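Colleague: okay, predicted coordinates and the sequence, questions at the end:
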Amino acid sequence: MPRSAKCRRVCQMPAHCRFAPEQPAHGEAVELTVEEYEAVRLMDYLGLNQEEAAAQMEVARTTVQRIYAQARRKLAVFLVEGRPLQIGGGSYALCPQESCRGCGRPCGRCDSQHGKEASS
């Protein structure tokens, strides 16, 4: 029986979900999941460390470390190979607090409203 993904809280959906170089290389788009986007946003954009990002996403530090490593690998492929990048899918729950605004601070428990399951 496959185990269900834990709640990976996401406080802010990406404002832009598709990116491409001026002259994109041939090949499939690189698919970045919403929780991978959130890990990059929390750690690289907001400057949180792994422990703080893990607490925000309500996962173990090792889980956020793995999610972040996957995201960095995909971003490297996007930059080096010049393939399009698309953000979407994954296994996550949007923060239920309207006051959150994606600040990166803990703002309450996730509800059971999960995002679209990723096929990977």
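Modeller: Structure received.
Colleague: what comes up buried for the helix or strand containing Ala53?
Modeller: Secondary-structure assignment from DSSP states H and E places Ala53 in helix 50-57. For helix 50-57, the neighbour count (16 or more other Cβ atoms under 10 Å) marks Gln50, Glu52, Ala53, Ala54, Ala55, Gln56, Met57 as buried. Every residue, glycine included, has its C-beta placed from N, CA and C.
Colleague: Met43: neighbour count?
Modeller: Met43 has 21 neighbours, counted by other Cβ atoms under 10 Å.
Colleague: list the contacts of the spatially closest residue to it that is not a sequence neighbour.
Modeller: Using Cβ to Cβ, 6 or more residues apart in numbering and skipping residues adjacent in sequence, the residue nearest Met43 is Ala53, 5.2 Å away. By Cβ atoms under 8 Å, 6 or more residues apart in numbering, Ala53 lies in contact with Ala39, Leu42, Met43, Val64, Tyr68.
Colleague: show me where the chain has helices.
Modeller: Using DSSP state H, the helices of the chain run over residues 34-40, 50-57, 61-81.
Colleague: Phe19: which of those is closest?
Modeller: Nearest to Phe19, of all the helices of the chain, is helix 61-81, at 7.3 Å by Cβ to Cβ.
Colleague: low-scoring stretches of this structure, by residue?
Modeller: For the chain, the stretches with pLDDT under 70 are 1-7, 97-120.
Colleague: still on that earlier bit, and which of the contacts of Ala53 is nearest Gly89?
Modeller: Distances from Gly89 to the contacts of Ala53, taken by Cβ to Cβ, are shortest for Ala39, at 14.7 Å.
Colleague: count of neighbours near the closest one?
Modeller: Neighbours of Ala39 (other Cβ under 10 Å): 31.
Colleague: nearest residue to Gln86 other than its sequence neighbours?
Modeller: Spatial nearest neighbour of Gln86, excluding adjacent residues (Cβ to Cβ, 6+ apart): Ala29 at 4.6 Å.
Colleague: show me what contacts that neighbour?
Modeller: Contact analysis of Ala29 by Cβ under 8 Å, 6+ apart lists Arg18, Arg83, Pro84, Leu85, Gln86.
Colleague: for the residue lying closest to the first one once chain neighbours are set aside, name its beta-bridge partners.
Modeller: Which is Arg18. Sequence neighbours aside, Gln86 is the residue nearest to Arg18 in space, at 5.4 Å (criterion: Cβ to Cβ, 6+ apart). Counting by DSSP bridges, Gln86 is bridged to Arg18, Glu31.
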